[in-house]
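Novice: A predicted structure for the sequence below; I have some questions about it.
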Amino acid sequence: MPIYDYKAYGPGGKSIRGSLDAENSKAARLKLKKQGLAVYEIGERSGGSAKAPAPGSAAASPGFFGGKVGIKDVSMMTRQLASLIKANIQLVEALGAMVEQSEHPLIKVVLAQVRQDVNEGLSLSKAMSKHPRVFDNIFVNMVEAGEASGTLSLILLRLADLKEAQMRLRTKVVSGMTYPALMLFVATVLMIAIFTFVLPQLKTVFESMNKKMPPMTVFLMTTSDVVITYWYLLLGGLVTSILFFVKWKNSKTGRPSWDAMKLKFPIFGSLIRMIGVQRFTATMATLLGSGVPILNALTIARNLVGNTLLANAIASARENITEGQSIAGPLSKSGQFPPLVIHMISIGEKTGELPAMLQNVAENYEEQVSARIDGLTSLLEPLMIVGMGGMVGFIVLSVFMPLLDLSNIN
């Protein structure tokens, strides 16, 4: 049944907001009336926003409880649904139980609509495909494969494992880069404060000395004057540069060039490649192990690697398969995938154990990515400290040199 958001007056005249499920708007109003509520606004919620109300009802407002669905929420919901189906509970009843126990507002709405579509005769995969904000292509294709093979509960468990692996990798990357980013932000704020507030005050003192300042002090004061006088031009130039860069990066010609540059970055380039390879192998292992056709699996994996060069290599492999060739050949010719990965894929194709080989590679690369991020974090922290110390030291030296000269005057 659909879910309705409502606004109503309670017995004491207090305004109340809430939601409930009902067959239609009229039934929802009747339920609320029995609770002693006077409804003045109601609308069916759909993916975080309300649909147009039925004729004669109050105008619907956007859903009160929208929001983003995280990987953790989807993983938990998937594992719970798998457990219910594994217990031989009918699909519609399992979805109904999920609607009742779900605490995430958007998931609750989407599951209610999926339940309604399944009850009306749609397959679970078709019903889920209507909600791409929650169920991505991997999810829908794997559910479709599970329905076709009769192993839906097993497929859902594999999906939950895949989502949790993605969440672990993302969390690792974010947590590893948070501290360096915070230090960079603090250093930037500190430099702006020094150049705009501290140095102008010291400049007045130095000018009152009537003594020639050292070159480094002159450079520092000149930089401070430029920042104070032309800050709007500097800020405008920075914003314009960022906008042009983003536009170029997202263009058809800029995207491949930027992706190629990222893979050549010192230190970070190899990490970006490792993350792309891990995504590819983990996705392929899960899809192929769930019975998704290899051509469909390659198409999905191609869209998830996050790098044009790697995606083009995967597309080339897909074309080769349609011509009866292997995957390993074009991946090797592209030069974008490490030899070990190519070797494992080749062995998996020859032995018929490709999903297992890909899973081994994915787990190995997940561990390597984790270790590399730990290493980068431990390296970046002292580098950031040394950099900040160098900048502060330069400023202190530039300020104190004239003061020392002044103290030497007899």
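Specialist: All right, it came through fine.
Novice: residue closest to the middle of the protein?
Specialist: Against the mean C-alpha coordinate of the chain, by Cα atoms, centre = their mean, the closest residue is residue 170 at 7.5 Å.
Novice: tell me who's in contact with it.
Specialist: The contact partners of residue 170, by Cβ atoms under 8 Å, 6 or more residues apart in numbering, come to residue 71. Any C-beta I mention is one placed from the backbone N, CA and C, and that applies to glycine too.
Novice: any idea how far residue 239 is from it?
Specialist: According to Cβ to Cβ, to the nearest Å, residue 170 stands 28 Å off from residue 239.
Novice: quick one: residue 40 is in a strand?
Specialist: Yes: under DSSP: H, G, I helix; E, B strand; the rest coil, residue 40 falls within a strand.
Novice: quick check, pLDDT for it.
Specialist: Looking at residue 40, its pLDDT stands at 72.
Novice: got the domain ranges for the protein?
Specialist: As assigned by automatic domain parsing, the chain contains the domains 3-50, 71-135, 163-410.
Novice: just name the most buried of those domains.
Specialist: domain 71-135 (a mean of 18; mean count of other Cβ atoms under 10 Å).
Novice: and it, what's its mean pLDDT?
Specialist: Averaged over domain 71-135, pLDDT sits at 87.
Novice: the residue nearest to the centre of the chain sits in which helix or strand?
Specialist: In this assignment (DSSP states H and E), residue 170 forms part of helix 152-193.
Novice: how far away is the closest residue to residue 98 other than its chain neighbours from residue 239?
Specialist: Using Cβ to Cβ, 6 or more residues apart in numbering and skipping the chain neighbours, the partner closest in space to residue 98 is residue 111 (5.1 Å). Residue 111 is 42 Å from residue 239, where distance means Cβ to Cβ.
Novice: with residue 20 instead?
Specialist: 46 Å.
Novice: residue 103 now?
Specialist: Using Cβ to Cβ, residue 103 is found at 40 Å from residue 239.
Novice: ok, now residue 309?
Specialist: Relative to residue 239, residue 309 is positioned 30 Å away (Cβ to Cβ).
Novice: please apply the same query to residue 33.
Specialist: 54 Å.
Novice: so how far is the lengthiest helix in the chain from its chain's centroid?
Specialist: The helix that spans the most residues within the chain, counting by DSSP state H, is helix 354-407. Distance of helix 354-407 from its chain centroid, counting by Cα atoms, centre = their mean, to the nearest Å, is 23 Å.
Novice: got the angle for that helix vs helix 152-193?
Specialist: Interaxial angle of helix 354-407 relative to helix 152-193 (axes from the mean of the first three to the mean of the last three Cα atoms, to 10 degrees): 10 degrees.
Novice: could you dump stretch 109-126 to PDB, C-alpha only?
Specialist: Output in PDB follows, covering the C-alpha atoms of stretch 109-126 (Å, rounded to 0.1, in the frame of the first residue of the first chain):
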ATOM      1  CA  VAL A 109       8.200   4.500   1.100                       C
ATOM      2  CA  VAL A 110      10.100   2.700  -1.700                       C
ATOM      3  CA  LEU A 111       9.500  -0.700  -0.200                       C
ATOM      4  CA  ALA A 112       5.800   0.100   0.200                       C
ATOM      5  CA  GLN A 113       5.600   0.900  -3.500                       C
ATOM      6  CA  VAL A 114       7.600  -2.200  -4.500                       C
ATOM      7  CA  ARG A 115       5.300  -4.300  -2.400                       C
ATOM      8  CA  GLN A 116       2.300  -2.800  -4.200                       C
ATOM      9  CA  ASP A 117       3.800  -3.400  -7.600                       C
ATOM     10  CA  VAL A 118       4.700  -7.000  -6.800                       C
ATOM     11  CA  ASN A 119       1.200  -7.600  -5.500                       C
ATOM     12  CA  GLU A 120      -0.200  -6.300  -8.800                       C
ATOM     13  CA  GLY A 121       1.900  -8.900 -10.800                       C
ATOM     14  CA  LEU A 122       5.300  -7.200 -11.400                       C
ATOM     15  CA  SER A 123       8.500  -9.100 -10.800                       C
ATOM     16  CA  LEU A 124      10.600  -7.900  -7.900                       C
ATOM     17  CA  SER A 125      13.400  -6.700 -10.200                       C
ATOM     18  CA  LYS A 126      11.000  -4.800 -12.400                       C
END
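Novice: any idea how far it is from the chain center?
Specialist: 27 Å.
Novice: now do stretch 270-278
Specialist: Relative to its chain's centre, stretch 270-278 lies at 16 Å (Cα atoms, centre = their mean).
Novice: and for it, what's in contact with it?
Specialist: 169, 173, 262-263, 265, 305-307, 310, 336-338, 341, 361-362, 365-366, 368-369, 372-373, 376.
Novice: would you put the C-alpha positions of that stretch in CSV?
Specialist: This file holds the C-alpha atoms of stretch 270-278, laid out as CSV (Å, rounded to 0.1, in the frame of the first residue of the first chain):
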residue,chain,number,x,y,z
SER,A,270,48.6,3.9,-8.3
LEU,A,271,46.0,4.1,-5.5
ILE,A,272,43.3,5.3,-7.9
ARG,A,273,44.1,2.5,-10.3
MET,A,274,43.9,-0.1,-7.5
ILE,A,275,40.5,1.2,-6.4
GLY,A,276,39.2,1.0,-10.0
VAL,A,277,40.6,-2.6,-10.3
GLN,A,278,39.0,-3.6,-7.0
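Novice: quick one, helices of the stretch 151-300 of the chain?
Specialist: Along the stretch 151-300 of the chain, counting by DSSP state H, counting those that start in this stretch, helices occupy 152-193, 199-209, 215-229, 231-249, 254-264, 268-289, 294-302.
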